[in-house]
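> Sequence and predicted structure, then a few things I'm wondering about:
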Amino acid sequence: MDESGALGFMECLRKCKNHYPRLRTWLTSEDYSQPASINQGPAERQLQAQFHVLCSRMGCSVLPVSCELFSRGILTQLELEKIQAILIPTHQAQTLLSICLKKGEKACKSFYEALQNEDEQLAEELKVISLVEELNKEPEGSIVPIAVEETRGHLGAALPLSGGLQQVMTRLGLTVGDEIRFNVCEVGVAIGLPRRTVREYFLEGVGIEDSAQLEALVSLYIEKTKDADRLLSRVAELSSRWVQLSERGCLLLRLLQKAETLLRSGIHSHRHSWDHLHDQDHLRSWDHLCPDDCTDQRTVWAIFSFLVWDCMAEVLEEPEAKPSGGILGMIEQLSASGRVEAALLQEVEQCWTEGDAESLLQSVRVLAQVLRDLHPLQEGLQLSSSVEGLFSCRPSRLHRVTSFQGVSARVIRKALSSMVPSSADQDASLLARQYMEACVRIARLLDVVQSKQSTTDFSNAPIATVIQHVRYVLSNSAFNSEAFDAGVRHRLMSVLEFNPVQIGLGSLMQLHQETLSEFQTYLQLGEHHNFQFILESVRILGLAKLFSVSRVHGPVAIDNGVEEVIRFITSEPTSFLVRLHCLCYEEGRGRFKVCAPRCACMYLLKAEGLRDMQWCGGNILAEVGGKVWVREGESDGWDELQALAQRHSAQLKDEGCCFKVKTLGLECEDCMAEVLEEPEAKPCGGILGMIEQLSASSRVEAALLQEVEQCWTEGDAESLLQSVRVLAQTMLSSFDMS
């Protein structure tokens, strides 16, 4: 129990004191119910005052101190494991100190003794030695164990690791600690609870880490059903991959935890006031990114701004480069998109407008759920509730179709391998060097997309020059929303806007490196740049339930078409209609939508009408409950269907495009002879001159010839071997028997 829970229990006990004769005298007194009269011991008071300093300075000493406290019996096995499971020393220290404060004076004194044994220098600087000596002079009996108010109320009352909870955690591969890898709300939905019920339960003070949310979820489920066996059987059927978060999602939430730590350390130390953030003008500007101010408040707002900026890249078709309305302007754009639940964003906006520490902590919980929803590991389709067997579908991730074709992996490797380490500032910190390298890599890759070699030498250039170059390149037409994914572009801009060195936030660098990695992946050749299947709805023909729809593989260009594998999971064998369209991009035509052949649903059609439909070439897909779904024929199909409906007084409804699914190398002269109308006897430009003539002919793919020329210009053995491979492909293309 926390403090309030204990008081509630005592109140109940007091009401029935007649049943407990030996407790009657004690229960009649008022002493137990007066928290204001509780006096903290000297070690406890000092630990509370030094909380923020200790969190930031203990570093690697946390684990040895924790182990010593465990050997003394101050920490339990579970508490020690919880601390050991945390990866970040600051978070480890915060957890350890909170546990000691919760246990009272004896635990705080033992902590200082363990710290003195482990790190004498830190203990001397914080005047721990004199405190311990003073405490040891006091007689043992004068130190009375007392109850203190819960200091980690954000985690709620800690549930014991019961057998059921332990089995659920084991099934999901989850450990006790501050790790975030799952969308626990989706776990709740998968085991049968309404999403809104689970989400609201989590937002009422439950911590954002997986272990805290899972404890709360198990508690909620048992409270609702009183059936632990049912819970375990549901979890046993659950595939953990469907509720796991992507790597980017995990990193974003880890950054959010950093903001939470800063907020909590500010509350504990009483050093920070957040009230100045009530001013909405601050939220409508970008002042919190000012590099001259590295206070905790500025860092927290920089984190919030980065996270919302990243959400825009995930959600908006064309995110604005830097919204004029500041962080609240970005929230408004996200709300207008319809892809993030408006109620969550509204609560975030309200919390930020209020601006006090408690409101900001609540915004952390809400923002954590938004990030979890936006970053699933497995790309699936979000299904609406069923209406007469019809499920509307929406992709969990936004996919943008552009004219970009992708870049050869060899070209990407060559661009990155040609980088020269910067010598601009050899005395710079590791973080500054990492940031510089990431920006230079982005610059080199952007030049590859433009198919031109940059003349800018970044080896001695300051970071400002590199950033200016990247901004200029991204403003070119080759990177507009028709030619390049606007979300990728927006994330590249975030690397420039949020300099981890200026903000003083090393954990931000991990996200910038993830952005660079995703950029390299995006640049690879593939059909996904120019094509996408979009599922609109699934109509179940029968009594089966549809559990999930997910993309497995593709799109892949094959057999003069494009294929994609999609997995449907249902409760039993069944058949269903899938309504879909595709978005494409073709040179000269631009981006366009295809939803053909069309399908219609006819109501009130009699047997005679069905026979006529077969004669007019319509392909009957399904017939259920007086409704017939039919696909138009090859010639004048739609007009014929309309005429048929009119003749038989039937109603016709356009159902888009539907499908029914049922579940049961000197060889260059030879190439020229094949390609050129009048090949020159002996070109004056030598072998490269011949390459130029071939390129000008437009009958050999220019990209292949360009790569051959580049390989021969470099002239090393590996490059010449690569030219052999490319020439072989050129020969095969030129001497096609057909």
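All right, it came through fine.

> mind checking how far the residue most central in space within the chain is from Phe202?
With distances taken as Cα atoms, centre = their mean, Gly249 lies nearest the centre of the chain, 2.4 Å away. To Phe202, Gly249 is 16 Å away according to Cβ to Cβ, to the nearest Å. In this view, the C-beta of every residue, glycine as well, is placed from N, C-alpha and C.

> Could you look up the SS state of the residue nearest to the centre of the chain?
Secondary structure, DSSP: H, G, I helix; E, B strand; the rest coil: Gly249 is helix.

> just Phe391 next, same as before
On the basis of three-state DSSP, Phe391 is classed as strand.

> So what's the residue count around it?
20 (other Cβ atoms under 10 Å).

> sorry, back to before: how much space is there between the nearest residue to the residue nearest to the centre of the chain once chain neighbours are set aside and Asp227?
Nearest non-adjacent residue to Gly249, counting by Cβ to Cβ, 6 or more residues apart in numbering: His375, 2.7 Å away. Separation of His375 from Asp227 (Cβ to Cβ): 32 Å.

> And Lys103, by the same measure?
Relative to Asp227, and taking Cβ to Cβ, Lys103 is found at 35 Å.

> cool, and Gly205?
26 Å.

> higher neighbour count, those two?
Legend: neighbour count by other Cβ under 10 Å for Gly205 and Asp227, higher for Gly205 (16 against 12).

> wait, is that one part of a helix?
No: if the criterion is three-state DSSP, then Gly205 is coil and not within a helix.

> what are the phi and psi angles of it?
With angles defined as degrees, to the nearest 10, Gly205 sits at phi 90, psi 0.

> and if you look at Phe479?
phi -120, psi 20.

> my guess is it contacts Val473, does it?
Yes: in terms of Cβ atoms under 8 Å, Phe479 counts as a neighbour of Val473; the distance is 7.3 Å.

> Overlap of the contact sets of these two?
Listed as contacting both Phe479 and Val473 by Cβ atoms under 8 Å, 6 or more residues apart in numbering are Leu446.

> show me where the stretch 401-550 of the chain has strands.
With DSSP state E, counting those that start in this stretch as the criterion, the stretch 401-550 of the chain has strands at 531-541, 546-558.

> If you could redo that for the chain, that was the one I meant.
380-383, 390-395, 531-541, 546-558, 561-570, 575-586, 590-594, 599-603, 619-624, 627-631, 651-654, 657-662 (DSSP state E).

> And the fifth one, what does it pack against?
Using 3 or more Cβ pairs under 8 Å, 6 or more residues apart in numbering; DSSP states H and E, the elements in contact with strand 561-570 are strand 531-541, strand 546-558, strand 575-586.

> From the chain's centroid, how far away is stretch 344-358?
21 Å (Cα atoms, centre = their mean, to the nearest Å).

> Next: stretch 54-70.
That offset, for stretch 54-70, works out to 31 Å (Cα atoms, centre = their mean).

> quick one, which of the helices and strands packed on strand 561-570 is packed in tightest?
strand 531-541 (a mean of 20; mean count of other Cβ atoms under 10 Å).

> orientation of it relative to strand 546-558 in degrees?
140 degrees (axes from the mean of the first three to the mean of the last three Cα atoms, to 10 degrees).

> I'd like to know which elements strand 531-541 is packed against.
In terms of contacts (3+ Cβ pairs under 8 Å, 6+ apart), strand 531-541 is packed against strand 390-395, strand 546-558, strand 561-570, strand 575-586.

> looking at those strands, which has the lowest confidence?
Ranked by mean pLDDT, the helices and strands packed on strand 531-541 bottom out at strand 546-558, which scores a mean of 84.

> Return the list of strands paired to that strand, each annotated with direction.
Using DSSP bridges, the strands paired with strand 546-558 are strand 380-383 (antiparallel), strand 561-570 (antiparallel).

> Any chance of the ones you listed in CSV with mean neighbour count and distance to Leu583 as columns?
Output for the strands paired with strand 546-558, formatted as CSV (neighbours: other Cβ atoms under 10 Å; distance: least, Cβ to Cβ, whole Å):
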stretch, mean neighbour count, distance to Leu583
strand 380-383, 18, 15
strand 561-570, 14, 11
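
> For the closest residue to Ala216 other than its chain neighbours, give me phi and psi.
Spatial nearest neighbour of Ala216, excluding adjacent residues (Cβ to Cβ, 6+ apart): Val206 at 4.5 Å. The phi and psi torsions at Val206 (degrees, to the nearest 10) take the values phi -80, psi 140.

> Against Cys185, how distant is Val206?
For Val206, the distance to Cys185 - Cβ to Cβ - is 11 Å.

> Now for those two: what residues contact both?
Gln213.

> Show me which parts of stretch 179-192 are buried, residue by residue.
In terms of neighbour count (16 or more other Cβ atoms under 10 Å), stretch 179-192 has its buried residues at 179-191.

> out of those, who's nearest Phe568?
Ala190 (16.4 Å; Cβ to Cβ).

> pLDDT score assigned to the nearest residue to the closest one once chain neighbours are set aside?
Nearest non-adjacent residue to Ala190, counting by Cβ to Cβ, 6+ apart: Leu238, 5.2 Å away. Per-residue pLDDT puts Leu238 at 84.

> Pull the number of nearby residues for Leu238.
If we define neighbours as other Cβ under 10 Å, then Leu238 has 16 of them.

> Lys82 versus that one, what's the distance?
Distance from Leu238 to Lys82, by Cβ to Cβ: 24 Å.

> Outline the domain layout of this structure.
Residue ranges for the domains of the chain, per automatic domain parsing: 38-151, 154-244, 248-374, 409-525, 529-662, 668-734.

> Out of these, flag the one nearest Pro395.
domain 529-662 (7.1 Å).

> what's the first-to-last distance across the closest one?
Taking Cα to Cα, to the nearest Å, domain 529-662 runs 30 Å from one end to the other.

> how far away is the residue nearest to Ala190 from Arg171?
Counting by Cβ to Cβ, the gap from Leu238 to Arg171 is 7 Å.

> about what we covered before: correct me, but the residue nearest to Ala216 touches Ala212?
Yes: between Val206 and Ala212 there is a contact under Cβ under 8 Å: 5.7 Å.

> Could you find the closest non-adjacent residue to Gly590?
Using Cβ to Cβ, 6+ apart, the nearest residue to Gly590 is Glu482, at 7.2 Å.

> ok, now Gly506?
Nearest to Gly506 is Leu431, by Cβ to Cβ, 6+ apart, at 5.3 Å.

> contacting residues for that neighbour?
Going by Cβ under 8 Å, 6+ apart, Leu431 touches Pro500, Val501, Gly506, Met509.

> That one and Glu314, how far apart?
On the measure of Cβ to Cβ, Leu431 and Glu314 end up 26 Å apart.

> cool, Lys627 as well?
Taking Cβ to Cβ as the measure, Lys627 falls 38 Å from Glu314.

> of these two, who's got more company?
Higher neighbour count among Lys627 and Glu314: Glu314, with 22 against 14, using other Cβ under 10 Å.

> what's that one in contact with, if anything?
Neighbours of Glu314 in contact, by Cβ under 8 Å, 6+ apart: Leu374, His375, Arg397, Leu398, Gly487.

> where does it land on pLDDT?
94.

> Wait, the residue nearest to Gly249 touches Leu251, no?
No: here His375 does not reach Leu251: they are 9.4 Å apart, not a contact under Cβ under 8 Å.

> Now Gly554: closest residue in space that isn't a chain neighbour?
Nearest one to Gly554, counting by Cβ to Cβ, 6+ apart, is Glu564 at 3.3 Å.

> ignore the last one, Phe659
Per Cβ to Cβ, 6+ apart, closest to Phe659 is Val578, 5.2 Å.
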